[in-house]
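based on what follows, work out the 3D shape:
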Amino acid sequence: AGLLQESFDSNTVARLKKAVEVALDKTKSPAITAAIGVPGKGFWSTTRTNGADLELPDLKFYWASAGKACTAVAVMQLVEEGMLKTDDPLSKWLPDFPNAKMVTIDHLLTHTSGIYSFQNDAALRATPGYKPPEKLIAVAKKHGNAFCPGEYWSYCNTGYVMLGRIIEQIEGRPFHEVLTTRVIQRLSLKNTRALAPQERPSGLAEPHPSKPTDEAIEDSVPTSPYAAGNVVATAADMVEFWHALLGGRMLKSETVRDQFQRLYPMFDNGTFYGQGVML
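Below is the predicted model of the structure:
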């Protein structure tokens, strides 16, 4: 509860700015976007390049798997509208996929389907260029499922690709258009974009490797992940998105609570995954 309007006190702002300077220096990142909001108490954000104190409020960053939360919102909106059920089987849309009658929408949302995650395929990773959703699903089908649905938790990008295809079949329009209407335009997010396949928009931050000593990243905005992560935005817009989601402006409050009802331990201690949300 509460709005994200007022500014923090000057001491807090000074500490935040200092933290950004330290982050830029330690990571050697070419640019950074950062934001923090405490509803009813304050909001602060910055988007800038390294070595310059000039604000670039329109500079967008690739959010990768953080975009799965947007995909999950679209799915749960369809559930609330009665056009989809979380216990619907995958076989309704992909009847030829292994074990499709046992895999549900919920399994795809929570990474408990047992389906092979396409990025684990070495040959696929070594192949440059755009890979359409059909190719990613075919790779997963070739490898076969790792376990029975619901038996374990294992991060699966393929599951979110499938969710994107399901959303398209229900809506009758491209996935990026669905996200634009259901999320971006609904919240009037000016610096957020759901990328179309193979789209390379201008105004994107230069990518860089996790470690400054690693090789540079050539593919600046990969759109192959599709519904598993096709969102570019500023940190300020992402804070606004989460504030709206957790505040019940995107989904009903009970739906949001259900997203956190079952939390599966992830890779790091203290990190958990629900229905398209991380805690």
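
quick check: mean pLDDT of stretch 94-105?
In this model, stretch 94-105 has an average pLDDT of 97.

in the stretch 151-279 of the chain, where is pLDDT below threshold?
212, 216-221 (pLDDT under 70).

so which residues of it form helices?
157-171, 175-179, 186-187, 235-246, 253-259 (DSSP state H, counting those that start in this stretch).

I'd like the distance between the residue most central in space within the chain and His208.
Centroid check for the chain by CA atoms, centre = their mean gives Gly67 as the closest residue, at 1.5 Å. Here Gly67 is placed at a distance of 19 Å from His208 (CB to CB, to the nearest Å). (Each C-beta comes from the backbone N, C-alpha and C, glycine too.)

hang on, the residue nearest to the centre of the chain packs against Tyr226?
No. Counting by CB atoms under 8 Å, Gly67 does not reach Tyr226; the two are 9.9 Å apart.

average pLDDT across stretch 65-76?
97.

then that stretch to PDB, C-alphas only?
Output of stretch 65-76 as PDB, limited to C-alpha atoms (Å, rounded to 0.1, in the frame of the first residue of the first chain):
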ATOM      1  CA  SER A  65      14.500 -13.900 -17.100                       C
ATOM      2  CA  ALA A  66      13.100 -11.100 -15.000                       C
ATOM      3  CA  GLY A  67      10.600 -10.700 -17.900                       C
ATOM      4  CA  LYS A  68       9.100 -14.000 -16.900                       C
ATOM      5  CA  ALA A  69       7.000 -12.100 -14.300                       C
ATOM      6  CA  CYS A  70       5.300 -10.200 -17.200                       C
ATOM      7  CA  THR A  71       4.600 -13.500 -18.900                       C
ATOM      8  CA  ALA A  72       3.100 -14.900 -15.700                       C
ATOM      9  CA  VAL A  73       0.900 -11.800 -15.300                       C
ATOM     10  CA  ALA A  74      -0.600 -12.300 -18.800                       C
ATOM     11  CA  VAL A  75      -1.200 -16.000 -18.000                       C
ATOM     12  CA  MET A  76      -2.900 -15.200 -14.700                       C
END
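
just the residues contacting it, thanks.
84, 105, 109, 157, 160, 163-164, 166-167, 178-179, 182-183, 194, 225, 227-231, 238, 241-242, 245, 250-251, 255, 259, 275-278 (CB atoms under 8 Å, 6 or more residues apart in numbering).

now which of the residues you listed would you call buried?
Neighbour counting with 16 or more other CB atoms under 10 Å marks 84, 105, 109, 157, 160, 163-164, 166-167, 178-179, 182-183, 194, 225, 227-231, 238, 241, 245, 250-251, 255, 259, 275-277 as buried within those.

hey, where'd the strands end up in the stretch 1-150 of the chain?
For the stretch 1-150 of the chain, the strands defined by DSSP state E, counting those that start in this stretch cover 31-38, 42-49, 61-62.

make a markdown table out of these and add mean pLDDT, mean neighbour count and distance to Asn145.
Below are the strands of the stretch 1-150 of the chain laid out as a markdown table (pLDDT from 0 to 100; neighbours: other CB atoms under 10 Å; distance: least, CB to CB, whole Å):
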| stretch | mean pLDDT | mean neighbour count | distance to Asn145 |
| --- | --- | --- | --- |
| strand 31-38 | 96 | 18 | 37 |
| strand 42-49 | 95 | 19 | 41 |
| strand 61-62 | 94 | 22 | 29 |
